[in-house]
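J.: Structure for the following, please:
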Amino acid sequence: MKDLLLESLNAGSWEWDIQTGDEEWSDLFYEILGYSRGDLKPTYETFINFLVEPSHKNMVESAVEDHLNKKTPYDVKILMLTKTEGYQWFRSIGKALFEDGNPVYMIGAY
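T.: Numbering: from 1, shown residues only. Okay, the predicted model is just below:
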C-alpha cells in the first residue's frame, strides 16, 4: 500500500537503518531523478555528496542532525542532481524511529 500511495503522489522514498548505515531507495526514487538502480549506490554519502547540490549540503546535514538529536522536523527544499535535467528542486521530508531516546531508523520521501 505504501508504494501505491507514493506512486499516486509521484514521490520517491528512502529508508535508512541508522545503526548499520544500510539504505534502500525505491524504484520511483531512481526513476524521478532519471537514474537506474545500478547507476547509484543507495547510501547517505551518495545522497549528500553527489545528489544534493553542493551549496545545500550543509543545510541538509544540519537538518538531519537536528532531527536525530533534537527531534525537530526534517523537511527541506533542496536542489538534487537529475541524470539528464541537471539540478531540480525537490522537497525532502523524513522521520526517525527512536528507541530509548536514540535514533535507529529513518524513512522519508521527496
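J.: Just give the nearest non-adjacent residue to Ile78, would you?
T.: His56 (4.6 Å; Cβ to Cβ, 6 or more residues apart in numbering). (Glycine included, C-beta is placed from N, CA and C.)
J.: Would you agree the one you found falls within a helix?
T.: Yes - secondary structure of His56 (DSSP: H, G, I helix; E, B strand; the rest coil): part of a helix.
J.: Report how many residues lie close to it.
T.: Counted with other Cβ atoms under 10 Å, the neighbours of His56 add up to 19.
J.: If you count neighbours, what's buried in the lengthiest strand in the chain?
T.: Among the elements of type strand in the chain, defined by DSSP state E, the one spanning the most residues is strand 86-99. Applying a neighbour-count criterion of 16 or more other Cβ atoms under 10 Å, the buried positions in strand 86-99 are 87, 90, 92, 94, 96.
J.: distance of the first one from Asn49?
T.: Here Tyr87 is placed at a distance of 14 Å from Asn49 (Cβ to Cβ, to the nearest Å).
J.: Once you drop chain neighbours, what's closest to the residue nearest to the spatial centre of the chain?
T.: For the chain, the residue nearest the mean C-alpha position is Trp14 (5.4 Å; Cα atoms, centre = their mean). Leaving aside its chain neighbours, Trp14 sits nearest to Trp25 (5.1 Å; criterion: Cβ to Cβ, 6+ apart).
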